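[1] With the sequence up front, the predicted model follows.
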Amino acid sequence: MKAAIVQSDFTLKIEEYPTPKPGSGQVLIKVAYCGICGSDIHFLAAKMIPEGCIMGHELSGYVEEIGEGVEGWKKGDPVAVYPADPCGLCDPCLQARAHLCEKNFERGYGLGANPGAFAEYMLTESSMLHRAPEDVDIKTVALNEPWAVAVHGVRISDFKIGQTALVMGAGPIGLLCIYALKHAGASYILVSEPDPNRAKLALNAGADKVLHPEKDFPLMETAKIKGKLPDFVFECAGMATTMEEAGALCGPKGQVVMMGIYQDYVSTFPLTWFMKELTVIFSLGSEIRDFRESLYLLSKKAVDENVMISKVVPLSKIKEAFEALEKPGHTKILIDCQGV
Ligand SMILES: [Zn+2]
Ligand SMILES: [Zn+2]
C-alpha cells in the first residue's frame with residue numbers, strides 16, 4: 001500500500017509500505033478520509049514523531065478484512081475509529097477512561113509504534129471500531145474525532161442549558177466547541193478571533209458575536225453579554241497569554257475550560273482567579289462515550305461540514321497540505337487516502 005512516512009528530517013514522503021494483515025481481534029480498515037490535526041503539525045514540527053511512523057488519527061473508512069475471533073462486522077461496513085489502543089490495565093483504563101491511558105503515547109494510532117491513517121489501509125483493534133451512521137457522508141465521519149473532543153470538553157464542564165460562553169480561538173476545535181455549546185443549549189456564544197475568515201466561519205457555525213482580541217478593547221468591557229462577563233470560557237487558542245485572558249474574561253463563579261495545547265510555562269496572576277472564585281478544568285481528547293455520542297450527533301446534523309472542511313486533497317499531496325496549514329486560511333484539510 002501507499003503511505004505517508006515520516007522521514008529523518010521530519011517531513012512526509014509517500015512510500016510503499018507492506019499492507020498489514022489483521023491478527024486475532026483486529027480489523028483492517030480501507031481508509032477513506034483522514035483529517036490533518038493541529039497536533040499532527042505540532043508534533044511533527046517538535047520532532048516528537050519517530051522516523052518511519054505513519055501519522056493520522058482522524059479517520060473514516062470501510063472494513064476491509066477481519067481477523068480471527070472478530071464478530072459482527074463485514075467487509076464494506078462504514079466506520080469511525082477511536083484512535084487509541086488502551087492497555088486495559090492502568091488505573092485510568094480500569095475507570096473506563098481510555099483517553100487517559102498511561103500507554104497512550106506509545107500505543108495511540110499515528111503517534112509512534114502503531115501506524116495511523118495517512119495510508120491506504122490501517123490496522124485497528126476491533127474494540128475501537130464504531131459503526132458510522134448510514135446517512136452521514138463518509139467525509140463528514142472523518143470529522144468525528146475532533147468533534148468528539150469538543151463534545152467531551154462541554155460534557156465534562158459544568159455547563160448548563162441557558163448559560164453563556166466565550167470561545168477563545170475559532171480554529172477547528174473552537175468552531176466545533178461552538179456547535180457543542182449550541183447543542184448544549186447555550187443562550188449566547190461570544191467568540192474572540194483575530195482572523196477575519198475564521199471570524200466569519202464562527203458566525204456561520206452559530207456564534208452570536210465575534211470580537212477581535214486586539215481591536216475590540218478593552219476586552220473586559222466588550223466581552224460582556226447583557227452587562228455581564230460570560231459564565232464559561234472555552235480556551236481553544238493555546239497561546240502563552242490566553243490562560244490569563246480566559247481568567248480575566250470569565251464571570252464570577254465561572255469556569256474556564258482549557259482545550260488549547262500550549263507546551264511551555266505560562267504566567268497568570270492568581271488574584272484574577274481568586275477574586276471571582278473561578279474554576280479551571282483541562283480537557284484532553286475524548287472518552288469513548290463522547291466518540292459515540294458525537295457520531296450520533298453527526299447524524300442529527302449538529303455540525304455543518306461545509307464550515308469545517310476547507311479542502312480535500314489526495315494522499316499524494318499530503319506534504320503540500322501540511323505546508324498549507326502552517327498559514328491561516330484553512331479549517332480542516334482532509335486527506336483522500338484512496339487518491340494516490
Ligand atoms: Zn486530532
Ligand atoms: Zn491503560
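    All right, it came through fine. Ligands and ions are numbered 1, 2, ... in the order given.

[2] quick one, what contacts the residue nearest to the spatial centre of the chain?
    Nearest to the mean C-alpha position of the chain, by Cα atoms, centre = their mean, lies residue 146 at 2.5 Å. Residue 146 sits next to 35, 37, 58, 172-173, 176, 332 when contact means Cβ atoms under 8 Å, 6 or more residues apart in numbering. Quick note: C-beta positions are derived from backbone N, CA and C, even for glycine.

[3] residues near residue 336, how many?
    Residue 336 has 19 neighbouring residues, counting by other Cβ atoms under 10 Å.

[4] you'd agree it is up against residue 33?
    Yes - the criterion here is Cβ atoms under 8 Å, and residue 336 meets it with residue 33 at 6.1 Å.

[5] just the helices in the protein please.
    Counting by DSSP state H, the chain has helices at residues 38-45, 91-94, 104-107, 138-141, 144-156, 172-183, 196-205, 219-222, 242-249, 270-274, 288-299, 305-308, 318-324.

[6] low-scoring stretches of the stretch 1-150 of the chain, by residue?
    Within the stretch 1-150 of the chain, not a single segment meets pLDDT under 70.

[7] mind checking how far residue 258 is from ligand 2?
    23 Å (Cβ to the ion, to the nearest Å).

[8] Residue ranges of each domain in this protein, please.
    The chain breaks down into these domains under automatic domain parsing: 2-146+304-336, 158-282.

[9] can you tell which of these is closest to residue 288?
    Checking the domains of the chain against residue 288 by Cβ to Cβ gives domain 2-146+304-336 as the closest, at 5.6 Å.

[10] for the closest one, how far is the first residue from the last?
    End-to-end distance for domain 2-146+304-336, by Cα to Cα, to the nearest Å: 12 Å.

[11] quick check, it touching ligand 2?
    Yes - under the criterion of Cβ under 5 Å from the ion, domain 2-146+304-336 makes contact with ligand 2 via 86-87, 90, 93, 101.

[12] Common neighbours of residue 336 and residue 33, please.
    residue 312.

[13] on that earlier part again, who wins for most neighbours among the residues of domain 2-146+304-336 next to ligand 2?
    For the residues of domain 2-146+304-336 next to ligand 2, neighbours tallied by other Cβ under 10 Å; top is residue 86, 24 neighbours.
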